[in-house]
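>>> fold the stuff below for me.
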Amino acid sequence: MKKRKIILLLTCFCSIIAFAQKQFTVTSPNGRINTTVSLYEKLTYTITHDGQLVLDASPITLTLSDGEVWGENPKLSGSKKQRVSATIPSPFYRKSEIKDEYNELTLNFRGRWGVEFRVYDDGVAYRFVSQRKRPFTIAGEEVVYNFGKDVEASVPYVQVGADGDYESQFFNSFENTYTTAQISQLNKERLMFLPLVADVGNGKKLLVTESDLESYPGLYLTNAKGKHTLSGVFAAYPKAAEQGGHNMLQFQVTEREDYIAKVEEPRTFPWRAAIISTSDKELADSDMTYKLASPSRIADTSWIKPGKVAWDWWNAWNIDGVDFASGINNDTYKFYIDFASKHGIEYVILDEGWAVNLQADLMQVVPEINLKELVAYGKKKDVGIVLWAGYHAFNRDMENVCKHYAAMGIKGFKVDFMDRDDQEMVEFNHRAAETCARYKLFIDLHGMYKPAGLNRTYPNVLNFEGVHGLEQMKWSAATVDQVTYDVMIPFIRQVAGPIDYTQGAMRNASKGNYYPVNSEPMSQGTRCRQLAMYVVFESPFNMLCDAPTNYMREPESLAFIANIPTVWDETIVLDGKMGEYVLMARRCGDTWYIGGMTNWDARDLTIDLSFLKDHNDNAVLFRDGQNAHRKGSDYKKETVNLKGKRTFTVHLAPGGGFALKVENK
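Reported below is the predicted structural model:
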């Protein structure tokens with residue numbers, strides 16, 4: 001009898017050990033988030049926040065082309081936990097440095113692969129790791145977000161392609177406004193690109209995105225499998241492609257391989273991030289995407305100079321009151337350079353048109369442009385020149401183009417029309433960043449998927465598009481609600497990184513007055529909304545989208561835009577509600593800028609001034625004018641006294657905004 005008891009106890013003890021090896025729990029540093037990783041028939045994980053289930057058991061697997069599946073019946077070979085507390089320098093970001101604290105679980109499995117989990121105070125991220133030295137290919141990756149119930153989500157659908165035909169949807173510009181609906185009501189035949197947000201109840205939201213995306217296809221999500229889940233989809237590796245698309249500057253995939261990625265050596269794979277907030281303003285303040293990215297590969301970043309840029313394309317070169325024909329010619333660009341120089345604007349960009357059309361050759365410059373002359377003229381005026389480049393034209397001759405134009409004195413490139421995120425295109429973006437860095441050129445990635453950490457790894461990448469920006473107002477119908485979209489960006493798209501939104505319109509339409517005009521475009525919403533965007537939106541390389549002569553007629557607005565910084569020492573998200581309003585403060589040196597925007601509802605926003613310490617009593621305020629609800633360009637600039645005030649309230653017109661500049665003593 002005694003022997004039997006001993007055997008039973010040993011059996012129970014062994015069972016407990018076996019069970020313990022099948023489940024691991026990691027807690028955030030503040031103790032509020034738990035993720036439980038389970039190793040049964042499939043590797044799954046769950047997330048709770050303050051005891052509330054925010055992500056139900058969700059499987060993660062990776063299938064190799066030989067049929068092996070990482071994550072099915074996984075055989076654990078070792079595990080490790082560690083706590084990390086560090087500080088990350090972030091010189092061209094919303095903060096000069098970032099506190100990086102998390103608890104990490106590393107699981108290694110038989111077969112020379114593993115999974116890493118990091119749990120932060122604001123979310124959970126995981127990634128696969130390969131220790132294999134021999135090359136292999138990946139047939140697919142299972143990414144599932146199982147919410148366990150029918151939650152509401154705000155998602156950007158791919159705009160192009162046929163319903164149900166993913167291949168036609170893969171070729172897209174990653175630009176769309178958000179659709180908000182229950183997951184069960186989402187279009188099961190359309191892909192959604194990242195980031196996207198789910199409302200998981202009790203005021204909490206969960207944002208899905210990815211980081212450290214390198215030599216791997218980007219992640220799309222779909223509700224095609226139904227229930228209460230979003231599942232991952234990846235574009236397969238291109239097998240054949242042909243030149244085409246916009247002005248023959250793109251490559252369109254005509255055939256794909258039966259795998260999504262090639263792996264040549266031991267590596268880590270992209271982080272799958274679930275960012276969790278208890279209020280919308282916490283979501284807008286997350287730095288997780290930046291923290292998860294690989295550290296900078298540029299040792300000396302002193303040559304990288306963010307700044308503002310006078311832009312030609314949005315305003316269609318429509319300057320007036322001059323004695324020459326405006327357009328793509330040296331006289332016009334010298335005028336832009338003179339304008340930039342006079343107002344302290346660091347750059348002028350030559351957008352599409354300076355290189356011979358339809359040739360996809362950046363060494364062929366149109367006869368109306370003398371680049372050497374413009375670079376020399378700009379240098380004399382302390383204005384740098386930046387060149388636009390179509391994807392194929394840049395890709396086909398990247399080394400020679402960078403070497404040639406860097407030697408000429410060009411400061412950077414705006415590369416456009418990639419419009420894909422398969423492994424081949426992701427590799428192009430990294431190669432472009434690395435090549436530009438070697439020649440001390442910065443880069444603005446337009447026609448691009450969302451940021452996924454590249455701006456940390458290569459800090460010379462200053463901007464990304466992947467946003468339904470102001471350029472859409474050249475052609476979008478009045479039914480497009482850009483104003484509501486604007487107050488969703490800080491809580492969704494901007495969480496991933498900087499945005500090439502290209503604000504600064506001087507023609508401003510109140511509700512009901514907007515219509516598309518390609519050559520003389522306008523914004524939806526008020527003038528002060530445009531000014532507020534320079535505070536609320538992050539953009540180290542920040543466009544002045546309107547014509548120099550339009551700005552010259554608006555000296556107060558111009559002075560505000562020309563003088564505002566584009567990178568920051570400190571950022572505080574003061575308040576906000578996704579789709580309704582946002583209130584943000586940013587500090588550069590001793591000066592604070594505070595900006596706010598609303599949707600189409602007029603509202604009063606109250607600023608808690610407690611974050612201001614030793615500041616001047618008087619501040620400069622741009623606010624919506626008394627009649628801004630009728631005439632969007634109506635505004636009031638005034639000096640306000642903040643002495644002894646703990647709060648300050650500003651009225652915003654429908655589609656309105658404000659900007660407040662406060663200097664320290």
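>>> from now on I want contacts and neighbour counts done on CA atoms only, so please keep to that.
Will do.
>>> how about the strands in the stretch 151-300 of the chain?
Applying DSSP state E, counting those that start in this stretch to the stretch 151-300 of the chain gives strands spanning 152-155, 179-182, 196-201, 204-211, 220-222, 229-233, 238-244, 250-256, 261-263, 267-268, 271-277.
>>> can you report how many residues lie near Leu206?
Using other Cα atoms under 10 Å, Leu206 is surrounded by 24 other residues.
>>> tell me the spacing between the residue nearest to it when sequence neighbours are not counted and Tyr405.
Nearest residue to Leu206, sequence neighbours excluded (Cα to Cα, 6 or more residues apart in numbering): Ile276, at 4.6 Å. Going from Ile276 to Tyr405 by Cα to Cα, to the nearest Å gives 44 Å.
>>> name the residue in the two with the higher neighbour count.
Legend: neighbour count by other Cα under 10 Å for Ile276 and Tyr405, higher for Ile276 (29 against 21).
>>> pLDDT score for the more buried one?
The model reports Ile276 with a pLDDT of 98.
>>> likewise Leu10?
pLDDT, read off for Leu10, is 35.
>>> re the thing from before, reformat the strands of the stretch 151-300 of the chain as a markdown table; add distance to Ser65.
Listed next are those as a markdown table, based on distance: least, Cα to Cα, whole Å:
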| stretch | distance to Ser65 |
| --- | --- |
| strand 152-155 | 31 |
| strand 179-182 | 35 |
| strand 196-201 | 30 |
| strand 204-211 | 23 |
| strand 220-222 | 21 |
| strand 229-233 | 16 |
| strand 238-244 | 16 |
| strand 250-256 | 14 |
| strand 261-263 | 10 |
| strand 267-268 | 17 |
| strand 271-277 | 21 |
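>>> which of those sits closest to Asp601?
With respect to Asp601, and counting by Cα to Cα, the nearest of the strands of the stretch 151-300 of the chain is strand 179-182 at 18.4 Å.
>>> sheet-wise, list the partners of the closest one with their directions.
strand 152-155 (antiparallel) (DSSP bridges).
>>> for the strand it pairs with, give the mean pLDDT please.
98.
>>> what does stretch 169-189 give?
On average, stretch 169-189 scores 97.
>>> buried sites along it?
Using 16 or more other Cα atoms under 10 Å as the burial criterion, the residues of stretch 169-189 that qualify are 169-178, 181-184, 186-188.
>>> skip the chain neighbours and tell me the closest residue to the residue sitting nearest the centre point of the chain.
Residue closest to the average C-alpha location in the chain (Cα atoms, centre = their mean): Gly497, at 3.5 Å. Once flanking residues are discounted, Gly497 sits nearest to Pro451: 5.4 Å by Cα to Cα, 6+ apart.
>>> residue contacts, the one you found?
Applying Cα atoms under 8 Å, 6 or more residues apart in numbering to Pro451 gives the contacts 211, 464, 466, 496-498.
>>> so where's the chain shaky on pLDDT?
Across the chain, the ranges flagged by pLDDT under 70 are 1-20.
>>> what is the neighbour count of the closest residue to Ser296 other than its chain neighbours?
Leaving aside its sequence neighbours, Ser296 sits nearest to Thr457 (Cα to Cα, 6+ apart; 4.1 Å). Neighbour count for Thr457, taken as other Cα under 10 Å: 20.
>>> Thr457 touches Leu292, doesn't it?
No: if you go by Cα atoms under 8 Å, Thr457 and Leu292 don't touch, sitting 10.3 Å apart.
>>> what packs against the host helix or strand of Gly378?
Gly378 belongs to helix 371-380 when assigned by DSSP states H and E. In terms of contacts (3 or more Cα pairs under 8 Å, 6 or more residues apart in numbering; DSSP states H and E), helix 371-380 is packed against helix 330-342, strand 384-390.
>>> now, of those, which is deepest in the fold?
strand 384-390 (a mean of 24; mean count of other Cα atoms under 10 Å).
>>> SS state for the nearest residue to Gly344 once chain neighbours are set aside?
Excluding its sequence neighbours, the residue lying closest to Gly344 (Cα to Cα, 6+ apart) is Ala562, at 6.5 Å. Following DSSP: H, G, I helix; E, B strand; the rest coil, we place Ala562 in the helix state.
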